[in-house]
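> Pasting the sequence and the predicted coordinates here, then a few questions.
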Amino acid sequence: MNRIDLSLIFIPIIPDYIETALKTLYEKAPPGLNFRVIVVDQTKDGIYGLVRDYADLIIRNPRRTNMGFSKANNEGIIHALH
C-alpha cells in the first residue's frame, strides 16, 4: 500500500477553471510526491467530464444542490482521512 503524502480538496462552484487547475497541479507537482485529489462538485450541471482524468475521488450531492462550503469541505476531509 502506497503512503499518501498529501490530500488536496477542490470545491468548485463554477466549472471555468477547475480543469486548468488540476492540469497545472499534475504538471508542477514535485516528482515523487504521492498525492490524492478529491473534488467536491458544487456546480449546477456537474463537472465529471472535466475532472475524471485528474481526480481520485469525485463527490457530488445526489440532490444536485449546493452543500455549502463548510459541508463540502467536511465531506472532502472525511474522505481524505480514510
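Nice, I can see it.
> Was I right to think residue 5 contacts residue 30?
No. Assessed by CB atoms under 8 Å, residue 5 is found out of contact with residue 30, at 9.7 Å. Yep, even glycine has a C-beta here, placed from its N, CA and C like the rest.
> okay, those two: which has more neighbours?
residue 5 (11 against 7; other CB atoms under 10 Å).
> Angles on the backbone of that one, please.
phi -80, psi -30 (degrees, to the nearest 10).
> Count residues in the vicinity of the nearest residue to residue 59 once chain neighbours are set aside, would you?
What sits nearest to residue 59 in space, not counting adjacent residues and going by CB to CB, 6 or more residues apart in numbering, is residue 40, at 4.7 Å. By the criterion of other CB under 10 Å, residue 40 has 24 neighbours.
> what's across from the spatially closest residue to residue 46 that is not a sequence neighbour in the sheet?
Leaving aside its sequence neighbours, residue 46 sits nearest to residue 60 (CB to CB, 6+ apart; 6.4 Å). Taking DSSP bridges as the rule, residue 60 bridges to residue 41.
> who touches residue 60 in this structure?
40-41, 46, 48 (CB atoms under 8 Å, 6 or more residues apart in numbering).
> can you list the residues you listed in a markdown table and add distance to residue 71?
Converted to a markdown table, the contacts of residue 60 look like this (distance: CB to CB, whole Å):
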| residue | distance to residue 71 |
| --- | --- |
| 40 | 9 |
| 41 | 13 |
| 46 | 18 |
| 48 | 20 |
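> Show me where this protein has its helices.
With helices called from DSSP state H, the chain shows them at 18-28, 48-51, 69-81.
> With mean pLDDT added, can I get those helices in a markdown table?
Listed next are the helices of the chain as a markdown table, based on pLDDT from 0 to 100:
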| stretch | mean pLDDT |
| --- | --- |
| helix 18-28 | 95 |
| helix 48-51 | 93 |
| helix 69-81 | 92 |
